[in-house]
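1. Have a look at this prediction, sequence included:
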Amino acid sequence: MYRLFFLMILILVFPVFGEMVKIPAGNWKPFLKETDSQLGVSVKIKSFYLDEYPATQKEYFEFIGANPEWKKGKVSPLFADGGYLGDWKGKGPETNQTNSPVTYVSWFSANAYCQWKGKRLPLESEWEYAASIPPAGKNKKAVEMVILNWYGEQKPEFLPSVGRYKNGFGVYDQHGMIWEWVFDFNNTSVTGDSRQDTDLESNLFCGGGSLKANDFSNYASYMRYGYRAGLKGWYTAKYLGFRCASDKKNKDNPL
């Protein structure tokens, strides 16, 4: 009871501002393509906004307070497996973890959170494009090796607070902390303009197909695409979280 009261005080005293970063339009070369003729071909990514940080435990606690159907123990197994919010010992996160990324969330719960915020989950193409620019002065190949090493190393029992790794667009923690849900997580053949694709949600319970790689030396991308291909919409995992995107300014984006 006291811990729950303290969590509510944290939310009231330290409100969540939900800053977003404007990602400029640009060209992006997809890692995977369906045919040889598509290899090496770039696609146009429209400008969009992306959350500066992954969604945190504190932010998700605020979400379930306003949407009790997403509380731990209340969600249908169709929308989240038994691991949902598995690191919450009671009705909320540990008080020393409130600014850590929320994990053990399904695609459905992440999508519901983003919609509640007036946003959406980013497309895979948007997420990968935003994550493709290394920090200023850093060599891209060297950064890819650091990312690959992170995928292979033992993860900490408790995640640190967000805000550790900033990329060239000013987005934090796309690498080096957690895996992240994207809207079309199992549909890697889509293009940068696929947000109109009406088949995406109907494929949530299917796995990814076999596609061709643009860069066989980019093992870090292999890891991400392979991980997403094995997901189902109701899956949760210890190091799987999310962040939101938006096409335009909204209440959480004062820019």
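-> Right, received. Where do you want to start?

2. Can you pull out the low-pLDDT segments for the stretch 101-250 of the chain?
-> 137, 187-219, 249-250 (pLDDT under 70).

3. The same query, at a cut-off of 50, please.
-> Along the stretch 101-250 of the chain, segments meeting pLDDT under 50 span 189-211, 213, 216.

4. And the helices in it?
-> Along the stretch 101-250 of the chain, counting by DSSP state H, counting those that start in this stretch, helices occupy 107-116, 124-131, 140-152, 219-229.

5. which of these sits most buried?
-> Highest mean neighbour count among the helices of the stretch 101-250 of the chain (mean count of other CB atoms under 10 Å): helix 124-131, with a mean of 24. C-beta coordinates here come from the backbone N, C-alpha and C atoms, glycine included.

6. Could you name the helices and strands sitting against that helix?
-> strand 20-23, strand 26-28, strand 43-45, strand 48-51, helix 219-229 (3 or more CB pairs under 8 Å, 6 or more residues apart in numbering; DSSP states H and E).

7. Kindly reformat those as TSV containing distance to residue 65.
-> Listed next are the helices and strands packed on helix 124-131 as TSV, based on distance: least, CB to CB, whole Å:
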stretch	distance to residue 65
strand 20-23	22
strand 26-28	37
strand 43-45	35
strand 48-51	19
helix 219-229	30
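
8. The ones you listed: which one's closest to residue 150?
-> Nearest to residue 150 among those is helix 219-229 (8.7 Å), distances taken as CB to CB.

9. rewinding a little: do you know which of the helices of the stretch 101-250 of the chain lies nearest residue 167?
-> Going by CB to CB, the one of the helices of the stretch 101-250 of the chain nearest residue 167 is helix 124-131, 6.6 Å.

10. Thanks a lot, catch you later.
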